[in-house]
Each structure stands twice: as C-alpha cells, then as structure tokens.
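Asker: here is my input; please provide its structure:
(chains A and B)
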Amino acid sequence: MLKDIIKKEILETITSPKFVFTFLLCTVLILLSVYTGIINFSAEKKEFDAALALNKKNLESQPSYQALAGLGTKINRPPEVLSTIASGVSEAVGRVATVNVAYDPNLVDSKYESNPVFSVFGALDLTFIVKIVLSLFAILFTYDAIVGEKERGTLKLTLSNRVPRDRLIMGKFIGGYVSLLIPLIIPLILSLLLLLVFPNISLSGQDWGRLLLMFLIFFLYLSVFFTLGLLVSTRTNKGSTSFLVLLLIWVIFVTIIPKVAVLAASRLNPIPSVHEITAKKDAFLQQVQGGAQKKVLDWIKENQPKPGGDQKAFQEKFKKFLEDFQQESTAKIDANNAALERDYQARKRSQERLAVNLSRISPASALTFSTMSLARTGMDEHERFLASIRAFKPIWTKWANSRMMQTLDFGGGGQTAKVSLADMPQHAFEPEGLSKSLVRTLPDIGLMLVLIIVFFAWAYISFLKYDVR
Amino acid sequence: MLETINLSKRYEDGQLALDHLNLKVEAGEIFCMFGANGAGKTTTINLLLNFIPPTEGTALIEGIDVAKEPLRSKDYVSFVSENVTLYGNFTAYQNIDYFSKLAGKRNLTKADYARVMTSVGLQEDAFDSRARTYSKGMRQKLGLAVALIKDAPNILLDEPTAGLDPKSGQDFLALLVRMRDGGKSIFMSTHDIFRAKLIADRVGFMKKGRLVMLKTRKELEGEDLTALYIQYMEEA
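Answerer: Numbering: from 1, shown residues only, chains lettered A, B, ... in the order given. Below you'll find the predicted structure:
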C-alpha cells in the first residue's frame, strides 16, 4: 500500500503543470548559475595567473633591494574551483595582499571593491538558487499535501479505505520528496557534466567529494522546507492559509534571522573599528621611527672615527649596525602589529561566532555556512589565508632587510646591485583538508537533521489527530 | 449491515451534533436521511467512517465497532461524497486503479475497471480523459464506480445527487437501486426529497442531532413527503 501511495504521489505531481514549470525553471537556473560560476572562475584564474606574472616582473624590475623592500611582493589568493557552486564571501573579501617591510599586510581589492554594483545583486551561484528559489519550490510542492486533499475531498475517500494514517503521511512524504528531487537531480547531473567538459575546470578527487557533500546538504536543506510544508499542511484547514503561513516562515528563515543575527551580535559584542586598529599601528610606527633617528645619530656620535681614521671599517660597522637596527625595529613593529591584530581578530572572531551561532537557527544560514566551508570560500578559509600571509611577512622582511643591507654601498653611487629573486622566500598556503571542512559543517548538518526530524515527527503526530472533515 | 447504538457526538465547542442515534440499515435496504444543514446527517457518516470519535455510543459496520477496529471496519464500507473530485491530473482509469488498490483489490484488470465504469454510465471515451475535465455528473459516476469496485456490502453516500442534472440524477438513482437489489446496505444523506422518495425503503428526519421521524416505504404511501418534511422541520 505504501508503494501505491508513493507511486500515486509521484504520478500526480509529475503530471501537474507545477512540475513542468518547476523542472524547466530549475534546469535553466541551475545550468545558468553553474555556467556563470565557470565563466567567473575562468576569468579569475586568468587574472590570477596574470597578477603572478606581473608581480614577478615588477619585483625583477626594481633598481635596488631598498626599492624592492619598500614596494613589497604581492600575494594573490588563488580562486577556488568550487566557488562555481558556492561563491561564499570570496567576492566580498580582498584577493591580494602586499607584503613589504613597513606595513602590516591585509587582503584588499575585492571584486565588490572593483565593481560595487555586484554587491547590490550578489552572486547567482547554485547555493543562492537552492537557498531562495528551490526552497520556495519545496514549499510549493507540500503546502497542500494534506490540506489540499482535504479541500478536494480525496482525503475522506482515501481514509474510507483500510489506509493507516501513518502509512499515508509516510507515502506522501516519500512520494512528494522524490517528486521534488526529480526536477533538481537532472539539472544537477547536467551541471556536473558542464564542470567536466570545461577545460579550465579541473576537479581533484577531494573536490568531487566536497561537491557531493554540498549536493547532499542541498537535499537536506530542501528536506527542511519540505517537512515544514508537510507540517503546516497538517495544521491548517485551507490551502491558502497554509501557503501564507509557510511564506511568512520562509521570509523569517531566509531573510530576517540571518540579518537580525548580525545586528544582534554587533550590539551584544561590539569590537573596535579597523580604523582604530590602523591608527594604533600608525602611532607605534611613528614612535619607532622617531626614536630611530635619534638612536642612529647617537650611534654615529659614539662610533665616528677620528679624522684620518679608518672610514671603510666605520662604514662596514655602520652597515652592520643599520642592518641589526632595521631588523630590530621591524621586529618591534611586527610584534606590536601582530599583538594588535591578534586581539582584534580574536574579538572579531568572537563577534562572528556569535552572529553565526545566532543565525544558525535558520536553515538558510546553516546551508550558507556549510557550503562555504566545503567550497573553501568562507570567512575561516579567508582568515587562514590572511594568517598565512602575516606569518610570511617576517620571513620576507628579514630576507629583504638582509639583502638591502648587504648591498648598501656608502662609497659608490648608491644601491646599484641587481635584484635577484632566486632565493626570495615564497609564500605557501595549504588549503583546508576535507576532513576539517567536514567537521566545520557538522553543526549545520546536525541542525538541519534536527529540524527535519522535529518537523516530520510533528507533522506525523498532527496527521494522526487531523480532522479530515 | 450498518448500525448505530446510542451514538452521540458533542464537538469541542459544546455543540451537540448527534444525540443518541439508534438506527439499523439492513442488507438490501436503502435508507435516506433528511434534515437541514447541521442536523447531524454528515456527522453520522463521519462517525460510521471513524473520521471523528463518538462522545458516546457505538457505530457498527457488519457488527464491527468502528471505534475499536477502524481499519477492519473499512473493508466493509464504501463512501461517496457530495462533491467527488478525485485526482484531477489522473484519468478515470488511474483514479479507479489507485482507489481499488487502497481497497485491497490488487488483481483487477483494465477490463474490470472498464466494466464497472460502463455500469455506472461513464462513456468509454472518457476513461482516458483527465478527471479535471469531467462534469459534475461524470465525477459523481466515477465516484460511484470507485465505490462499486471496492464491492463492500455497505455504502455511505453524503448528498450524492446535489447539483446533478435531472438525467444524471435519474441514472444515479437507478444505479443505487441495482446495488440495493444486489444486497448492499445503503445509507444516503440527502436533501433531494423527490428522488429519494422513488428509491428509499425507509426515510428518517433529523433535527438538531436527533432522529425525529422514521418511516418505511409502506408508511409513506399516500403521504406528501415534502409537506411532512416541512412540518417536522418547523416543529420545535
């Protein structure tokens, strides 16, 4: 009997106009979003490769190590291939950082900075399509699952037979869910084929694993709205009421909770602005630079050779002093900046965690966080990348200072030694492994599962007592 | 056989919808229940189908207490509602196939369905049409075919002739007579005094949840049923 009910649910849905409409729209939107993602990724990859080449060329063309140390090297964040599915914050955060001897590196030049109009519309990625459009379809498929049958009179006719209510609701759940997945799975398979045929897209085994997990999360997310629809349809007496109630809950889940959570977190756990931190860093830099001038003059006074003394030895000693002093000053600045940054980042992370945890009661937030983590386009991966640059900064400045001092020539016409990048330290970043990303997504997956179980159990119990008249 | 013993229903808002109804509909009998809206006719059917629990008393189908054994009792009863809509996206074949499987009739063929649908007066060319394209009369016939295919000994009909044109109404009644003659117990709630008078073996009048009058076909001979109905409805 369960099989008959499931079969009837599927057949009834796939022969309805809403199925045809959903299937066509899903196919167009999913393929369009993945295609757009692929095009964006290809453009970003090209931009990234060009930026690397330009940086190398710029560094090599510097007339001296001093100029190179001041200019610094640029570290570009490589685009993530899975941003084609979930762009996360990748378009809102900076993509390039300058590492030089003076300033603390920061990632700047986000896509939204380059073209602010993008931030108004946001990215049309697959996560967005699932979060907004497909969740509405899930509601459209279930808002009248029970109440619609009651309004049509078919519920009474069905239950006038030997049909246990638990089996009927189970059949409606399974059949309805399968009907919802059909218009989703086919375009998803087509989008996977798109990813396979595009030459610029190269997915590793781990990327495929991530992709499949993301699809699983999409299904879980849609199940939340599907079971919610089933629940509301067992708690109402009119299809129109059910749809309005569901629409209201959808608005609260998808738009209100995530925004209110961020506002609430900023009120509950305020943090200093970036400008305040920058002002503190600048003040310390000026303090060190002011003291440096006096210290250099004092050293010269103390160590200056008498007339006719050994000028060459003095110059060598002065060079050594300058190199040590430069390293010491840079280390001090770095240490101060790092301490300020650590404190700021810790407070920022605490605020972010609060916002994330508050917004997690919305399945839409859970979907966003989990897919971002799996696509490595979330804030965590951004911060890990920035931290790797900050860790790289002292290594690079030490090398630059050392080269600068070694090539100082007090006697000749300035620093004319040719810049060589052969031994320049290279920034390396190890992207987060799948197991760590998965652990990060577990709270979101867990939350969605809890919501599904609660909504379904509630719908199940409600239907056992449902007034079919 | 359908039977109610002191069957009562009081809703949560305090309204007494059915007040100690004692009634028996034997095999091979058509019982027509009259009454204004809210008199308790549909409540009786809902209680017999266990859609709502009784406040007091017992509803029996073939001697089975429907409140105690709701699933088993449903093997012995078919139901036709006032507005049969069935599944609009399904054809007549698909609708009857689904409901016959729910009724436990798993070995029926398309020819069996065609035979039953023809017997209720559905035209063959409508068998493969979607039910949403059907007229009300055709839907009622299909609803009756769904009830017939179950081949249960008892049939409950809730105002089945409401909105039918005269020809469809006449055909429908002829079908009920054939089913009655085949030994079915038929309980029909209706406002259609003229048609009911033609086929009813007994009639009952309900008012405010109580059965206020019960007459056999013989007792009704020579009586003006309409005048009787109005008289009972006007009485306190």
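Asker: sec struct for residue A:240, please.
Answerer: Look at residue A:240: counting by DSSP: H, G, I helix; E, B strand; the rest coil, its state is helix.
Asker: equivalent analysis for the one 3 residues further on, please.
Answerer: Each residue gets one of three states, and residue A:243 gets helix by three-state DSSP.
Asker: separation between the closest residue to it other than its chain neighbours and chain B?
Answerer: Counting by CB to CB, 6 or more residues apart in numbering or on different chains, residue A:243 lies nearest to residue A:143, which is 4.5 Å off, once chain neighbours are set aside. C-beta: built from backbone N, CA, C; applies to glycine. For residue A:143, the distance to chain B (CB to the nearest CB, to the nearest Å) stands at 17 Å.
Asker: now for residue A:147, how many residues are close by?
Answerer: Residue A:147 sits with 23 neighbouring residues when counted by other CB atoms under 10 Å in any protein chain shown.
Asker: show me the shaky parts of the stretch 51-200 of chain A.
Answerer: Scanning the stretch 51-200 of chain A for pLDDT under 70 picks out A:114, A:116-122.
Asker: quick one: the strands in it?
Answerer: A:73-76, A:96-99 (DSSP state E, counting those that start in this stretch).
Asker: now do the contacts for the residue nearest to residue A:243.
Answerer: By CB atoms under 8 Å, 6 or more residues apart in numbering or on different chains, residue A:143 lies in contact with A:229, A:232, A:233, A:239, A:242, A:243, A:246.
Asker: the third one should be in a helix, yeah?
Answerer: Right, residue A:233. Yes. Under three-state DSSP, residue A:233 falls within a helix.
Asker: what residues does it make contact with?
Answerer: A:142, A:143, A:144, A:145, A:146, A:147, A:148, A:239, A:242, A:459.
Asker: and it, how far is that from chain B?
Answerer: 17 Å.
Asker: and if you look at the first one?
Answerer: With the distance defined as CB to the nearest CB, residue A:229 ends up 19 Å from chain B.
Asker: same check, this time on the last one
Answerer: Summarising the geometry, the distance separating residue A:246 from chain B, computed by CB to the nearest CB, is 22 Å.
Asker: repeat for the fifth one
Answerer: Distance from residue A:242 to chain B, counting by CB to the nearest CB: 18 Å.
Asker: SS state for the residue of chain B found nearest chain A?
Answerer: Nearest residue of chain B to chain A, counting by CB to the nearest CB: residue B:79, 3.7 Å away. Residue B:79 carries the three-state label strand when classified by three-state DSSP.
Asker: correct me, but it touches residue B:46?
Answerer: No. Residue B:79 is beyond contact range of residue B:46, at 10.2 Å (criterion: CB atoms under 8 Å).
Asker: hang on, the earlier thing: taking the contacts of residue A:233 one by one, which sit in helices?
Answerer: A:142, A:147, A:148, A:239, A:242, A:459 (DSSP state H).
Asker: which one (most neighbours) among the residues you listed?
Answerer: Tallying neighbours with other CB under 10 Å puts residue A:142 at the head of the ones in helices among the contacts of residue A:233, with 28 neighbours.
Asker: circling back: and the contacts of residue A:143 as JSON lines, adding pLDDT?
Answerer: As requested, the contacts of residue A:143 are exported to JSON lines (pLDDT from 0 to 100):
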{"residue": "A:229", "pLDDT": "94"}
{"residue": "A:232", "pLDDT": "95"}
{"residue": "A:233", "pLDDT": "93"}
{"residue": "A:239", "pLDDT": "89"}
{"residue": "A:242", "pLDDT": "93"}
{"residue": "A:243", "pLDDT": "94"}
{"residue": "A:246", "pLDDT": "94"}
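Asker: want to try CSV for the residues you listed, with distance to residue A:358 as columns?
Answerer: Below are the contacts of residue A:143 laid out as CSV (distance: CB to CB, whole Å):
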residue, distance to residue A:358
A:229, 25
A:232, 24
A:233, 29
A:239, 33
A:242, 28
A:243, 28
A:246, 23
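Asker: show me the contacts for residue A:106.
Answerer: Taking CB under 8 Å, 6+ apart, we find residue A:106 in contact with A:94, A:97, A:386.
Asker: list the contacts for residue B:232?
Answerer: B:205, B:207, B:212, B:213.
Asker: so which strand or helix has the last one?
Answerer: Secondary-structure assignment from DSSP states H and E places residue B:213 in strand B:210-216.
Asker: now do that strand: distance to the chain's middle.
Answerer: Distance of strand B:210-216 from the chain centroid (CA atoms, centre = their mean, to the nearest Å) equals 18 Å.
Asker: paired strands for that strand, with orientation please.
Answerer: strand B:202-207 (antiparallel) (DSSP bridges).
Asker: what sits up against the strand it pairs with?
Answerer: In contact with strand B:202-207 (CB under 8 Å, 6+ apart) are residues B:23, B:29-36, B:39-41, B:44, B:196-197, B:211-217, B:220, B:225, B:228-229, B:232-233.
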